[in-house]
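Participant: Sharing a model prediction with you, sequence too.
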Amino acid sequence: MEMKDGLLLLYSGQEDPPWYKEFLYGVEEEGLPLHCLDGREESPGSDALSLANTAARFCCFELGIGADSEQLILRHRLQRDEAPLLLVSRKEGKDAIRQMGHNAARIVKSAPLILD
């Protein structure tokens, strides 16, 4: 995979429409480009954490987003632990998922995070 010039989201098993579309809207509202790719061939695992780690290696911002059937995870390439930088579950609802999209973009822009 080649380096991407925006945020990179790798997913495993996409639904139509994807359950995390609110995340995409949140990033879009912040004005950042976002690339969404099927990560099953690129990543050693198909869970959100593995996909996020792989995405971080190929994102110019060194932030990667992984999505599986239940959660979205944001990771930075230089994180030493296995904890997500940001995490949202499918069950948390549209507002929480969109807010994570805003916050992922705001990390890149060095803008204040939305914490409500």
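Facilitator: Arrived safely, thanks for sending. This is a predicted model, so every value here is computed, not measured.
Participant: After the helix or strand of the chain with the lowest mean pLDDT, which helix or strand is next?
Facilitator: Scoring the helices and strands of the chain by mean pLDDT, DSSP states H and E places strand 34-38 at the bottom, with a mean of 89. Downstream of strand 34-38, the first helix or strand assigned by DSSP states H and E is helix 48-57.
Participant: Tell me what angle that next one forms with strand 34-38.
Facilitator: Counting by axes from the mean of the first three to the mean of the last three C-alpha atoms, to 10 degrees, helix 48-57 lies at 130 degrees to strand 34-38.
Participant: Now do the same contact list for L87.
Facilitator: By C-beta atoms under 8 Å, 6 or more residues apart in numbering, the residues touching L87 are 71-74. C-beta here means a position set from N, CA and C on the backbone, and glycine is covered the same way.
Participant: Dump those into TSV; add pLDDT and secondary structure as well.
Facilitator: Formatted as TSV, the contacts of L87 follow (pLDDT from 0 to 100; DSSP: H, G, I helix; E, B strand; the rest coil):
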residue	pLDDT	secondary structure
Q71	93	strand
L72	95	strand
I73	96	strand
L74	96	strand
